[in-house]
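# Show me the folded form of this:
(chains A and B)
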Amino acid sequence: MAQSILDLLKERKILLDGGFGTELIKDGFPQGTCPESWNEEKPNIVQKIHKSYYDAGSDAVLTNSFGGTTIKLQSHNLEKRCYDLNRTAAAIANEVKPEGKFLGGSMGPTGKFLKPHGEFSEAQFEDAYAEQARGLTDGQVDFLLIETQYDLNEALCALRGARKASDLPIFVTMTFNHHPKGFFTLMGNTVGQFLETMEKEGVSVVGSNCTLNSEEMVELVRIMREKTSLPIIAQANAGKPSLSEEGEVAYSQGMEDYLRFIPQIITNGADIIGGCCGTDPDYIALMSEIVKRSS
Amino acid sequence: MSNEEFLNMVRKAIVEGNKDEAEQLAQQTIAEKMDLKEVIDKGYIPGIQKVGQLWEEGEYFLPELIMSAECMKAAMEIMQPELEKAQIAMRSAGTIVIGTVEGDIHDIGKNLVASILSANGFDVVDLGADVKLEKFIAKAEEVNADLICLSALLTTTMTGQKKFIERLKEKGIYGRFKVMVGGAPVNQKWADDIDADGYSENALTAVGAAKKLVEK
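Residues are numbered from 1 along each chain as shown, chains lettered A, B, ... in the order given. Predicted coordinates for the structure are as follows:
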């Protein structure tokens, strides 16, 4: 049997991919439409992006399914296509996956709130994630990544939903904001609450992505490593985006500054490194060198 | 119980996000024929302001803000018919049309801004997410809005904010409504670049910014 990503993790650091949405936009993805629909409409473009990350040195890339829960797809009236869009996301990515590399199923937040802050019940959230996990699993991803979560309760619903539909290893990342009083999610969950809960649930890998730049991620990884012995994922943003009047997007941190902090993120205890908003295959190629040196 | 003790309870109900209590105190205000305007101005409004302060200090997070804004809304709904009966015109802080621009389905931030503005005495018309630019204009004209608030989460959709202001200029109605922009990738520079009247980083600074813009 082929080596699993968890086996590889015991041997060395692992590199994920970088930003996906921005790459889609470079290839003409129009605003306001549903990114997951391109798995069917423009699979060659989605595959080209995956391939560019594998070529840059990613050990694993994530499917184009970040907004693929039934609840999120409902915004585009595509909730009934959830299973197919996710299954296809996995199938087309598998077609370009080199031997010995891995594919993760991306599962982003619903964008809605649970009661009493929102309209949805926990059962509804679980179902929304379960349907997505079923599609990704049947499309044969190697693991599931529940990512960019800002509400610990939603992350738990995602986890339960995914487990109903899949036996694959599940990784969970949450997004923290840097407050004067420390790191908190949008809903006020602490790093400690997150890690303790995930350990209790028996999650294989935990971590954080998005919002923080690589300098802030250095400190968050240090805090996470103090609190858990589980493998840690760290995917920082390249700072904050800004748009010029001419419509050019630039990220505040810049590549050189971003990369400067990657060795420290690894030293502080990250086992799986990747990019997030503002990073592209060029970033990943250079991160690949850093990861190789540190393993 | 003294008047001050009662007002304290009102403020506490809002700060703690206790909806039952906030509603019950609103009913009691009516039943005991208390001064509605005083209870609102010295109880409910300072309560929601305290919530804002706790949020800024990093004590409160999004759930607390949502719950307190909900309490405020529930209490005001109870008192509104009485205010009308007593012909007390609670001076509206202004009329605002708000929404997330077309092509953008993200509404968490926008919803929070809408409810905090509403809790602070604005009449808020929320058009939802993925709203056509024309719809903002039509609704603002219909309700004679003071301020239009445009939200965008993505660098691809924040261009809608720029287009909107261009549209106002084309129609010769730029300046008729104040325009405030917001959203994660939006900043003051962007607001200045596109000739928006205002920008706010979050739901609480939006209150002060909106008040200033409406007064102008």
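# Wasn't residue B:30 part of a strand?
No: Residue B:30 is assigned helix when assessed by DSSP: H, G, I helix; E, B strand; the rest coil, not a strand.
# how many neighbours does it have?
17 (other C-beta atoms under 10 Å in any protein chain shown). C-beta coordinates here come from the backbone N, C-alpha and C atoms, glycine included.
# Where does residue A:233 sit: helix, strand or coil?
strand.
# quick one, what contacts it?
A:16, A:145, A:171, A:173, A:205-209, A:270-274 (C-beta atoms under 8 Å, 6 or more residues apart in numbering or on different chains).
# With adjacent residues omitted, what lies nearest to residue B:151?
Spatial nearest neighbour of residue B:151, chain neighbours left out: residue B:110 (3.9 Å); criterion: C-beta to C-beta, 6 or more residues apart in numbering or on different chains.
# pretty sure that neighbour is touching residue B:127, no?
No: applying C-beta atoms under 8 Å, one finds residue B:110 not in contact with residue B:127, separated by 9.5 Å.
# Of these two, which one has the most company?
residue B:110 (27 against 20).
# quick check, the residue nearest to residue B:151 in a helix?
Yes: counting by three-state DSSP, one finds residue B:110 located in a helix.
# List the residues that contact it.
Taking C-beta under 8 Å, 6+ apart as the test, what residue B:110 contacts is B:98-100, B:126, B:129, B:149, B:151, B:182.
# Need the per-residue pLDDT for it.
The model reports residue B:110 with a pLDDT of 94.
# Next: residue A:241.
Reported pLDDT for residue A:241: 86.
# shouldn't it be in contact with residue A:278?
Yes: Residue A:241 sits in contact with residue A:278 when judged by C-beta under 8 Å, with a separation of 6.4 Å.
# neighbour-wise, which of those two wins?
It is residue A:278, of residue A:241 and residue A:278, that has more neighbours when counted by other C-beta under 10 Å, with 25 against 20.
# and the end-to-end length of stretch B:183-190?
11 Å (C-alpha to C-alpha, to the nearest Å).
# follow-up on the earlier one: just name the closest of the contacts of residue A:233 to chain B, please.
For these, the minimum distance to chain B (C-beta to the nearest C-beta) is 15.0 Å, reached by residue A:209.
# That closest one belongs to a strand?
Yes: remark: residue A:209 belongs to a strand, assigned using three-state DSSP.
# can you count the residues close to residue A:86?
32.
# Where do the helices of the chain begin and end?
Looking at chain A here, since you left the chain open. Assigned by DSSP state H, the helices in chain A fall at A:5-11, A:21-26, A:38-41, A:43-56, A:70-74, A:82-95, A:122-138, A:152-165, A:191-201, A:214-227, A:255-260, A:262-267, A:281-294.
# Correction: the question concerned chain B.
B:3-15, B:19-31, B:36-39, B:45-56, B:62-85, B:108-119, B:133-143, B:159-170, B:188-193, B:203-215.
# Dump the third one to CSV, keeping only the CA atoms.
The C-alpha trace of helix B:36-39 is given here as CSV (Å, rounded to 0.1, in the frame of the first residue of the first chain):
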residue,chain,number,x,y,z
LEU,B,36,-39.7,56.4,27.5
LYS,B,37,-37.2,58.8,26.0
GLU,B,38,-35.2,58.9,29.2
VAL,B,39,-35.1,55.1,29.5
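# returning to that earlier point: what do residue A:241 and residue A:278 both touch?
Common neighbours of residue A:241 and residue A:278 (C-beta under 8 Å, 6+ apart) are residue A:251.
# Would you mind listing where chain B has pLDDT under the threshold?
B:88-89 (pLDDT under 70).
# do chain A as well
Short version for chain A, where the test is pLDDT under 70: A:1.
# What parts of it come near chain B?
Proximity of chain A to chain B, by C-beta under 8 Å from any C-beta of the partner chain, involves residues A:25, A:31-32, A:75-76, A:111, A:113, A:116-117, A:179-181, A:184-188, A:240-245, A:247, A:249.
# Could you pull up the residues touching the residue positioned nearest the centre of chain B?
When C-alpha atoms, centre = their mean is applied to chain B, the residue found nearest the centroid is residue B:117 (1.2 Å). Residue B:117 sits next to B:96, B:98, B:124, B:149, B:203, B:206-207, B:210 when contact means C-beta under 8 Å, 6+ apart.
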